[in-house]
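K.L.:
Generate a structure from the sequence data that follows.
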Amino acid sequence: MGYGACYILTNNFLKKFTKLDSPVFLMGEEGILANQVLSASGLTLYSPDLIVNHLDHSSIKKLTSRKLYELSKTSYRYYLKNLHHVN
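P.N.:
Model (predicted):
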């Protein structure tokens, strides 16, 4: 499972899925995307040759600790309930 803000989805992914599964906000979406890819026997590849200007945590640093905790809790609960069976 990747962690970060840049994913390149292939035509194979887009043929299989008409939308990204995104039931959570800001926290944990990488795990949900990884599950979606794995459910179609897809792969997640890392390419160190790509350069992305990633503004690390530019959104979440504006949140209060309490809001970040609530978002994380919601995502974690969703993940445990729906995705824990994926290896």
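K.L.:
Work out which residue lies at the spatial centre of the protein.
P.N.:
Closest residue to the average C-alpha location of the chain: E30 at 1.7 Å, with Cα atoms, centre = their mean.
K.L.:
That one sits in which helix or strand?
P.N.:
E30 belongs to helix 29-39 when assigned by DSSP states H and E.
K.L.:
what helix or strand does K73 sit in?
P.N.:
Taking DSSP H and E as the criterion, the element that holds K73 is helix 65-82.
K.L.:
could you say what helices and strands that helix packs with?
P.N.:
helix 29-39 (3 or more Cβ pairs under 8 Å, 6 or more residues apart in numbering; DSSP states H and E). C-beta coordinates here come from the backbone N, C-alpha and C atoms, glycine included.
K.L.:
Could you list every helix and strand that the helix it packs on packs against?
P.N.:
helix 65-82.
K.L.:
got the contact list for the helix it packs on?
P.N.:
For helix 65-82, contacts defined as Cβ atoms under 8 Å, 6 or more residues apart in numbering pick out 23-29, 31-32, 35, 60, 63.
K.L.:
Can you check what angle separates the helix or strand bottoming out on mean pLDDT in the chain from helix 65-82?
P.N.:
None of the helices or strands of the chain scores lower by mean pLDDT, DSSP states H and E than helix 29-39, at a mean of 82. Helix 29-39 and helix 65-82 are oriented at 20 degrees to each other (axes from the mean of the first three to the mean of the last three Cα atoms, to 10 degrees).
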